[in-house]
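Visitor: A predicted structure for the sequence below; I have some questions about it.
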Protein chains: 2
Amino acid sequence: MSTRAVRKEEEENLLRRADDLCRQNNLRLTPIRERVYRELVQSGGPVGAYDLVDRLSSDKKRLAPVTIYRALDFLRDAGLVHRLATQNSYVVSHGQPDVNAMKIMFVDSKTGETIEVHSTEVAEAVRKAAEQAGFKSVSPFMEVEGELNRQS
Amino acid sequence: MSTRAVRKEEEENLLRRADDLCRQNNLRLTPIRERVYRELVQSGGPVGAYDLVDRLSSDKKRLAPVTIYRALDFLRDAGLVHRLATQNSYVVSHGQPDVNAMKIMFVDSKTGETIEVHSTEVAEAVRKAAEQAGFKSVSPFMEVEGELNRQS
DNA sequence: TTATTTTTGATACAAAGTAGCAAAACGAAA
DNA sequence: TTTCGTTTTGCTACTTTGTATCAAAAATAA
């Protein structure tokens, strides 16, 4: 099986799982919301909101930015998508939600490429630091910039 | 000694250290740069760029945003200031630069209040996670949202 | 001093995100 | 299935955040 086909399959997995998650939580994965999610999945990386506007607009119909932002808000609330604040962009969240793990989104400083890693060890260490700081709870998501090993 | 006086003293410490650091690294802490830094120090928390524009502008002379951004870029490069991407704001970096520690800026989701904590434990755990992700190096700074214990 | 680099000022612009309100679609209840 | 309330979408305009460009001024080096 080609890597192309594998990727296609992975895309469908994500879509199906998103669908299930929404069904189970009584959330409505409406057409635009699904289109936005699908576009993010297919892109394979972070995409800017206005880029999504362009990609999901046709010649006949130009979507308003607010439409995309609303879809993104929904997807973020559902935990399906992360916002990369340092990049002003949005990216699909991978991996099953493990409550005890920290979701770390590593962002390559050069290319903007991202890789998501879940770590309970980091979660534990951050919780400890948070306690020191007088924080009672912390977001299970964080973003770290760094340099990806280039395998050219 | 009043807490007010203590704070004033701390401010002067920071200013002096910034001055030293720049001198030692052949960086020019020019008047606007120092004014921006001082304003951030005095505010005691994160401040937006356009807020700085307002605060540092007089009736006679209105600073251009780009002037502030340039000063902020300088201060960030020097490691004196952090940008809080999730808040679109800028905050003074505290603590002596410990190369092995992760600088974690905890941001209160409600108020935007920040507390900086340095942790070698987090740094170590993140490094390990980064290796898994195929990253060879990571930024020594990160931002985590959470909820501060309210001691009303 | 003169030449070179760095910093600042000024104008305009680009990019990212939001407010507010009306129309449409949906879902539940009668 | 019609009515009613809620959620979602469309539309227009707007706010906030951040940059590009190029000339003037200031600092540094030769």
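Guide: Yes, it's here.
Visitor: going forward, measure contacts and count neighbours with C-alpha atoms only.
Guide: OK.
Visitor: Confirm A:Tyr50 sits in a helix?
Guide: Yes: judged by DSSP: H, G, I helix; E, B strand; the rest coil, A:Tyr50 forms part of a helix.
Visitor: so who does the nearest residue to it once chain neighbours are set aside touch?
Guide: Nearest non-adjacent residue to A:Tyr50, counting by CA to CA, 6 or more residues apart in numbering or on different chains: A:Pro65, 6.6 Å away. By CA atoms under 8 Å, 6 or more residues apart in numbering or on different chains, the contact list for A:Pro65 reads A:Ala49, A:Tyr50, A:Val53.
Visitor: Is the longest helix along chain A positioned near DNA strand D?
Guide: The longest helix of chain A (DSSP state H) is helix A:3-24. No: judged by CA under 7 Å from any atom of the strand, helix A:3-24 and DNA strand D are separated, with a smallest distance of 10.2 Å.
Visitor: Please see if the helix or strand immediately after that helix in the chain touches DNA strand C.
Guide: Note on helix A:3-24: by DSSP states H and E, the next helix or strand toward the C-terminus is helix A:31-43. No: Helix A:31-43 is not in contact with DNA strand C by CA under 7 Å from any atom of the strand; minimum separation 8.5 Å.
Visitor: Work out the gap between helix A:31-43 and the centre of the chain.
Guide: Centroid displacement of helix A:31-43 relative to its chain, using CA atoms, centre = their mean, to the nearest Å, is 11 Å.
Visitor: Give me the residues contacting that helix.
Guide: By CA under 8 Å, 6+ apart, helix A:31-43 touches A:11, A:14-15, A:46-47, A:52, A:56, A:68, A:71-72, A:74-75, A:81, A:90-92.
Visitor: ok, now with 6 Å
Guide: Residues outside helix A:31-43 that contact it (CA atoms under 6 Å, 6 or more residues apart in numbering or on different chains) are A:Ala71.
Visitor: If I take it and helix A:3-24, what angle do their directions form?
Guide: Helix A:31-43 and helix A:3-24 meet at an angle of 150 degrees, taking axes from the mean of the first three to the mean of the last three CA atoms, to 10 degrees as the criterion.
Visitor: Report all helices and strands that the host helix or strand of A:Val53 contacts.
Guide: A:Val53 is part of helix A:49-56 when elements are defined by DSSP H and E. Here helix A:49-56 touches no other helix or strand, going by 3 or more CA pairs under 6 Å, 6 or more residues apart in numbering or on different chains; DSSP states H and E.
Visitor: can that helix be found next to DNA strand C?
Guide: Yes: Helix A:49-56 is in contact with DNA strand C by CA under 7 Å from any atom of the strand, via A:Ala49, A:Tyr50, A:Asp51.
Visitor: and the angle for that helix with helix A:31-43?
Guide: Computed with the same axes, to 10 degrees, the direction of helix A:49-56 lies at 100 degrees from that of helix A:31-43.
Visitor: related to what we said a few turns ago, what packs against the longest helix of chain A?
Guide: Counting by 3+ CA pairs under 6 Å, 6+ apart, helix A:3-24 packs on no helix or strand.
Visitor: Give me the residue at the spatial middle of chain A.
Guide: With distances taken as CA atoms, centre = their mean, A:Val92 lies nearest the centre of chain A, 2.6 Å away.
Visitor: That one bridge partners, please.
Guide: Note on A:Val92: beta-bridge partners A:Val81, judged by DSSP bridges.
Visitor: A:Gly79 is in contact with that one, correct?
Guide: No: contact criterion CA atoms under 6 Å: A:Val92 and A:Gly79 do not qualify, at 9.0 Å.
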